[in-house]
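Asker: build me a model from this:
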Amino acid sequence: MTVQLSHGPALQDLDSLQLLAGKHSRRPMDASQSPTDGSGVCLMEAVAWFAGEPHSDAPKCVSPYLRAFGMRLNDRANDEQRQDLKKFIPLIVGTASDDLDDKRRWLAADQVIRVLLPKNLDRAELTDHATKLRNLAPITDADSYAVARAVVYEARTAAWDLRSEHRAGIRAAVTKAVKERLAQQPAAADAAAAAADAAADAAAAADAAAADAAADAAAAADAAAADAAAAADAAADAAADAAAYAAAAYAAADAAAAAAAAAAAAAEDVRRSVYDAVYKRLREVYSERFAEFAAESWSGAVALFGRLVDPLADGSGE
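Answerer: As a prediction, this is how the structure comes out:
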């Protein structure tokens, strides 16, 4: 799969390269210039540079599927994680003409549905659904794909129901705490602290973060199963973003904080203090609980990207 270049940068030049999120085409480069001067480029701009192509985030030498998947990983990763993608730069040069993108789509859908999604479901204690997904036949064609999608839909429904249950519990706990504290006529800061403590305790007890992760991962997997041609974004989302735990934290925090503020039904300074405190504490709880899983999910995403580079290689990836 790797193209041997007769010109362009040497492999050791990649060590000093800094990959950045997003598009960095503001600075056009010619063959005499290098992104290793500290300014940085995104993954696909780095590939164009390495292949000796004009500066672009759409190098002609890369498979469309790998470009879509790689760009999603590049932009979902944090600054440290993103550097893990540098090793793929020389490997994806020349993939545009390998005629393997259909295999890549099936492989991505298979790994997201049978390997990555079950891990999220296990965390949320939806083990029956996780087992059903793991026991599916490999997804290699339209028939196996249709069977898998039905099972994914069941898992998605269960995960969303669990998410709703946990969020309702958090809202109820926060509302109760705020009303009890306000009955004592405390300062706004005291009511806010009580609300934040109640939110954190309820979220931790129910492991609401895991439920949110499972719901988001199931939605992404369902999207991958719904349209193989559009699976790149969905697969990368499910693999690289730890089931979008950050977005889930924001949504849960926002809902609980809104409930707390409504329960306050008092002066605006109390409502605002309660909202801000709950939002901040829930984000902290979610981030802490997902730190390990986020790292694990990123490793899975990188491994999957490696398999997609050469989908004909042996190994199940499980």
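
Asker: correct me, but Ala313 touches Arg307?
Answerer: Yes. Ala313 is in contact with Arg307 according to CB atoms under 8 Å; the separation is 6.9 Å. C-betas here are computed from N, CA, C, even on glycine.

Asker: of the two, who's got more company?
Answerer: Arg307 (16 against 10; other CB atoms under 10 Å).

Asker: tell me where this protein has helices.
Answerer: Ranges of helices in the chain, per DSSP state H, are 43-51, 64-76, 79-82, 89-92, 101-111, 117-123, 127-134, 142-182, 188-206, 208-226, 231-240, 245-264, 268-309.

Asker: looking at the ones you listed, which has the lowest confidence?
Answerer: Among the helices of the chain, helix 231-240 has the lowest mean pLDDT, at a mean of 58.

Asker: one step back: common neighbours of Ala313 and Arg307, please.
Answerer: Residues touching both Ala313 and Arg307 (CB atoms under 8 Å, 6 or more residues apart in numbering): none.

Asker: please name the residues that touch the nearest residue to Arg123 once chain neighbours are set aside.
Answerer: Leaving aside its sequence neighbours, Arg123 sits nearest to Ala210 (CB to CB, 6 or more residues apart in numbering; 4.2 Å). For Ala210, the contacting residues are Asn120, Arg123, Ala124, Glu125, Arg289, by CB under 8 Å, 6+ apart.

Asker: want to throw those into CSV with distance to Arg82 and neighbour count?
Answerer: Below are these laid out as CSV (distance: CB to CB, whole Å; neighbours: other CB atoms under 10 Å):
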residue, distance to Arg82, neighbour count
Asn120, 22, 29
Arg123, 25, 22
Ala124, 28, 26
Glu125, 32, 13
Arg289, 23, 20
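
Asker: how far away is Ala137 from Asp212?
Answerer: 30 Å (CB to CB, to the nearest Å).

Asker: looking at the two, which one has more neighbours?
Answerer: Asp212 (29 against 11).

Asker: Leu282 is in contact with that one, correct?
Answerer: No. With contact defined as CB under 8 Å, Asp212 does not count as touching Leu282 (10.5 Å).

Asker: chain center to stretch 101-112, what's the gap?
Answerer: Taking CA atoms, centre = their mean, to the nearest Å, one finds the center of stretch 101-112 at 17 Å from the center of the full chain.
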